[in-house]
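*Asks:* okay, here's the prediction I keep looking at, along with the sequence it came from:
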Amino acid sequence: MAGAEHTVAAARAQVLAAATPLACESVAIEAASGRTLAEAVSATRAQPPFRSAAMDGYGIRAADAGPEAFTVLGEAAAGRAYAGERMRARGAVRIFTGAAVPEGVDLVVPQERARRQGDQVWLSLAAQPRSNIRETGIDFGAGEVLAHRGVRLNARHVALLAAAGRGAVSVMRRPRVALLATGDELVQPGAPASVHQIFDSVSFGVGASIADWGGEALRLAIRPDSEAAIAAAAADALQRTDVLVVIGGASVGDYDVVKRSLGRLGSSVAVESIAIRPGKPTWFGQAAGKHVLGLPGNPAAALVCAHLFLRPLLAALLGRVADEALVSAVLEGEVAASGPNECYLRAVAVPGEDARLRVRPCDNQDTSLVSVFAAANALIRRPAGAPAARSGAPVEVLWLDRT
């Protein structure tokens, strides 16, 4: 379909069809948060691997419960097992939270219910006392799968894998993404800018998103609207990264030279443009065996299309499927008919008093406005050909802040 305008779904399909998962690598467990598992992780032993006391107290045989005194035979502490004589009738072991429960003990009486004198202890028992003993494997059993391949690890996963004794895990290599912003009008934030220049914001927003989505961003120096300059920067970036994202210069103006620049490197284009608003000039192809995604220069258009196409591409390179998080919401306000293009409107979504999600489109949908995108937390998706809609109508919402 090169040369034809793609639908959003068809363009995403082209992107995903070109993606092959990257290689895996081993990382220490303390560096595993945010990484994607390359293989399932199973427990090599049960947790806990022994019966343990759930509180400080005295361990006894439940059958011996009664008002008479118990003889304290010894103690058990966390990491130090009871080493005394075998449990016998009316014997008790002083035991502490987390300690291994001696064989024969099936009841731990809390220390608050104990009165001790020397090696004698009197225990007050409730009518139906709890055992206060954690059985072997109540957390997880030997052989149990703790995390599946393709899971992006978070802090809770890290704690779980550490509890299973894993010092390292096999994860997918992070996709390396070069960001090349183009345009004579752009200047680096922090540098002096003339009255006719603007600061580059898109590469910083997309770069931060790449980190959120599990990749590594390499921001290149801004290049002017020059075929030679863009081609040279792209050639260098393609040698060092897995994906090249070129921002700007992809429309049909006299200074939109990006595709010609990449053509010098023998690029092929699978998606020329997309029937979407904003972001119609977005394109996708290959160069030097690497993926190339072209994003519009307008910030809102670039950031919307990064969510729709770069995010699933990175997920595919990591061997997982990106959750698009499309949810149903109730519209507050009005939206115009979408026309021939699939539309994505910056919006703010919040739960209503009736617990239903409600969403209001931002007032100004100008694609050059960074402030509007920063204020939004969601996009309202309107299919191509959708009629105008008023408050109360059901709409689809794509969350912006969920990875």
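*Replies:* That came in fine, so what should we check first? All values derive from a computational prediction rather than experimental measurement.
*Asks:* how is this protein divided into domains?
*Replies:* As given by automatic domain parsing, the domain ranges for the chain are 5-22+174-317, 26-47+145-172, 52-134, 326-399.
*Asks:* could you give the mean pLDDT of the first one?
*Replies:* The one in question is domain 5-22+174-317. Along domain 5-22+174-317, the predicted confidence averages to a pLDDT of 94.
*Asks:* okay, how far is it across it, tip to tip?
*Replies:* When the termini of domain 5-22+174-317 are compared using Cα to Cα, to the nearest Å, they are 25 Å apart.
*Asks:* oh, and call the first residue 34 from now on, that's how I've got it
*Replies:* That works, and once the first residue is 34, the last one we named lands at domain 38-55+207-350.
*Asks:* hey, which of the domains of the chain is tucked in deepest?
*Replies:* Burial of these is given as mean neighbour count (mean count of other Cβ atoms under 10 Å); domain 38-55+207-350 ranks first at a mean of 20. (Glycine included, C-beta is placed from N, CA and C.)
*Asks:* longest helix anywhere in the protein?
*Replies:* Taking residue count as the measure and DSSP state H as the definition, the longest helix of the chain comes out as helix 260-273.
*Asks:* what does that one contact?
*Replies:* Identification of contacts with helix 260-273 by Cβ atoms under 8 Å, 6 or more residues apart in numbering yields 209, 211, 213, 215, 251, 253-254, 256, 277, 279, 282, 290-291, 293-295, 297-298, 320-321, 323, 325.
*Asks:* any idea which helix or strand comes after it?
*Replies:* Following helix 260-273 in sequence order, the next helix or strand is strand 276-280 (DSSP states H and E).
*Asks:* export the helix or strand just after that following strand as CSV, just CAs?
*Replies:* The C-terminal neighbour of strand 276-280 among helices and strands, as given by DSSP H and E, is helix 291-296. The C-alpha trace of helix 291-296 is given here as CSV (Å, rounded to 0.1, in the frame of the first residue of the first chain):
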residue,chain,number,x,y,z
VAL,A,291,12.9,14.3,5.2
LYS,A,292,11.7,11.5,2.9
ARG,A,293,14.1,12.6,0.2
SER,A,294,16.8,12.7,2.8
LEU,A,295,16.1,9.1,3.9
GLY,A,296,15.8,8.1,0.2
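*Asks:* tell me the helices and strands packed up against the very next helix or strand once past helix 291-296.
*Replies:* Along the chain past helix 291-296, the next helix or strand (assigned with DSSP H and E) turns out to be strand 301-304. Judged by 3 or more Cβ pairs under 8 Å, 6 or more residues apart in numbering; DSSP states H and E, strand 301-304 is in contact with helix 41-51, strand 316-320.
*Asks:* kindly reformat these as CSV and extend each row with distance to L390.
*Replies:* Compiled in CSV, the helices and strands packed on strand 301-304 are given as follows (distance: least, Cβ to Cβ, whole Å):
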stretch, distance to L390
helix 41-51, 22
strand 316-320, 31
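*Asks:* measure the residue lying closest to I93 once chain neighbours are set aside to A96 for me?
*Replies:* Nearest residue to I93 in three dimensions, chain neighbours excluded: A125, at 5.0 Å (Cβ to Cβ, 6 or more residues apart in numbering). In this structure, A125 lies at 13 Å from A96, with Cβ to Cβ, to the nearest Å as the measure.
*Asks:* isn't G176 right next to A76, touching?
*Replies:* Yes: counting by Cβ atoms under 8 Å, G176 touches A76, with 6.5 Å between them.
*Asks:* tell me the pLDDT of A98.
*Replies:* At A98, the predicted lDDT confidence score is 86.
*Asks:* how far away is it from P222?
*Replies:* Taking Cβ to Cβ as the criterion, A98 is separated from P222 by 73 Å.
*Asks:* quick check: the residue of the chain positioned farthest from its centre vs Q153, distance?
*Replies:* If you look at how far each residue of the chain sits from its centre, by Cα atoms, centre = their mean, the farthest one is E101, at 58.5 Å. Shown here: E101 relative to Q153, a distance of 10 Å by Cβ to Cβ.
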